[in-house]
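Asks: Fold the following for me, if possible:
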Amino acid sequence: MIGRDHDETGTLRRQAGPPVRQEEPRHAANRRALEAQEPPGTQPGTQPGTPPEIPPGRPPETPPDRPAETPPDDVPEVVPPTEPPPTEVPPEIQPPEGAHWLARLRQGLGRSSAKLGGGITGLFTRRKLDDEALEELEEVLISADLGVTTAAKLAASLAKTRFNQDVSPEEVREALAAEVARILTPVAETITINQAHKPHVILVCGVNGSGKTTTIAKLGGLFKRVGFNVALAAGDTFRAAAVEQLQIWGERIKAPVFARPIGADAAGLAYDALAQARAQRADILLIDTAGRLQNRADLMGELQKIIRVLKKVDPDAPHDVLLVLDATVGQNAHSQVETFRAMVDVTGLVMTKLDGSAKGGVVVALADKFGLPVHAVGVGEGLDDMRPFDPNAFARSLMGLSP
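Replies: You can find the predicted model right below:
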């Protein structure tokens, strides 16, 4: 098994083979300086040393007082001089995609941070951190879905160093962000792809409306970016829209989609998809499943059947079982984790819809209670709106601080 690894921006790194380009932070000042060095007149999109294109069938223009001459066949075409090539931007200071993602993360957590930040600001404006203030702080944290136990831990950690002292809202947010990051760091893990398996099977489950199908497509896109050969299986055979949606996503990320008619046996589809993906030497197979309520034993039994059937092809499959959680459900996510974990041995979590809720603190509560790996978070519907989980960026964004 290849060890888990990820870089500072949380970009997935392929564990074997050629190294993957890492994303570096944005440096606006360096970029402006480089733009100022770019010679005037350079056409947008022109590569260094590339002459301007001349339309087909049209010779280079000549001055009006000299007629155009037709060069002999054995004389090469004369290329007009071009402007000096622009200065090449060193890779270490090129604006990375990661900077855009951090901005999206902070924007996506805006509702949660506004709720927390507003409560903290109203609580600690020219006030000492006494027992009464600590109790009120716990209430603010609980209201943001951090949970009773986690809220008490955060308040206690703040009291250790600042009790009975004058504190500003900014100091409180900074201290809480550091403690939240400490809780989240142990669970921030990328998905480890074992290349001894062809393919590495990832089964994706969750309740209705949690965003499983979109999550599969986004994860597939992330894996494709680092060079993996990805295949998708439309295992939600109960919903026509789910199959069509995954097929559209498959076209976008250029990944094959294994599907069957609506109403077909999902376990049979999973069996065929794994056999075909193995024959095609795919690196990763992502299997969608129908949404099911955690309190429906019959539906949970069908999910267990899929796992049993997969093991007939590969005794170790599935190699990962991801539970997709909708952040808008808040504390209800706890019961979902408990039920799915008991039924199908969940190996990791993916949090979605953080941009549509003020309950982003539930991620911290889940990490503190269950200790399950949090592989990725989503803050929108776009293909680029899901990235590997970065505990520091998440903690600071949750507290309304710059990542």
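Asks: what residues are up against Ala177?
Replies: Contact analysis of Ala177 by Cβ atoms under 8 Å, 6 or more residues apart in numbering lists Ala395, Arg396, Leu398, Met399, Leu401. All C-beta atoms are positioned from the backbone trio N, CA, C, and that covers glycine.
Asks: Where neighbours are concerned, which of those has the most?
Replies: Using other Cβ atoms under 10 Å as the contact criterion, the top neighbour count among those goes to Leu398, which has 28 neighbours.
Asks: Can you tell me how far that one is from Val364?
Replies: Distance of Leu398 to Val364, given as Cβ to Cβ, to the nearest Å: 8 Å.
Asks: And Ala217, by the same measure?
Replies: 27 Å.
Asks: show me what contacts Trp249?
Replies: Listed by Cβ under 8 Å, 6+ apart, the contact partners of Trp249 are Thr213, Thr214, Ile216, Ala217, Gly220, Leu232.
Asks: these two touch, right, the second one and Glu381?
Replies: The reference is to Thr214. Yes - with contact taken as Cβ atoms under 8 Å, Thr214 and Glu381 are classed as touching, separated by 6.8 Å.
Asks: ok, the two, which is more surrounded?
Replies: For the pair Thr214 and Glu381, the greater number of neighbours falls to Thr214 (22 against 13), based on other Cβ under 10 Å.
Asks: what helix or strand does that one sit in?
Replies: helix 212-225 (DSSP states H and E).
Asks: What's the first helix or strand after that helix?
Replies: Toward the C-terminus, helix 212-225 is succeeded by strand 230-233 as the next helix or strand (DSSP H and E).
Asks: State the mean pLDDT of whatever helix or strand comes next after that following strand.
Replies: Toward the C-terminus, strand 230-233 is succeeded by helix 240-253 as the next helix or strand (DSSP H and E). Averaging pLDDT along helix 240-253 yields 92.
Asks: okay, the angle between helix 240-253 and helix 212-225?
Replies: For helix 240-253 and helix 212-225, the angle between their directions (axes from the mean of the first three to the mean of the last three Cα atoms, to 10 degrees) works out to 10 degrees.
Asks: Which SSE is immediately downstream of helix 240-253?
Replies: Per DSSP H and E, helix 240-253 leads on to strand 257-258 as the next helix or strand towards the C-terminus.
Asks: For that following strand, enumerate the helices and strands it packs against.
Replies: Applying 3 or more Cβ pairs under 8 Å, 6 or more residues apart in numbering; DSSP states H and E, one finds that strand 257-258 contacts strand 230-233, helix 240-253, helix 266-279.
Asks: can you tell which of these is closest to Arg182?
Replies: strand 230-233 (34.1 Å; Cβ to Cβ).
Asks: okay, among the contacts of Trp249, which ones form the most distant pair?
Replies: Taking Cβ to Cβ as the measure, the contacts of Trp249 reach their widest spread between Thr214 and Leu232, a distance of 11.9 Å.
Asks: low-confidence ranges in the chain?
Replies: In the prediction, the chain carries residues with pLDDT under 70 at positions 1-119, 121-127, 293-297, 356-358.
Asks: those helices in it, which residues are they?
Replies: With DSSP state H as the definition, the chain shows helices at residue ranges 28-37, 97-108, 110-123, 131-143, 148-162, 169-184, 212-225, 240-253, 266-279, 297-313, 332-344, 362-370, 391-398.
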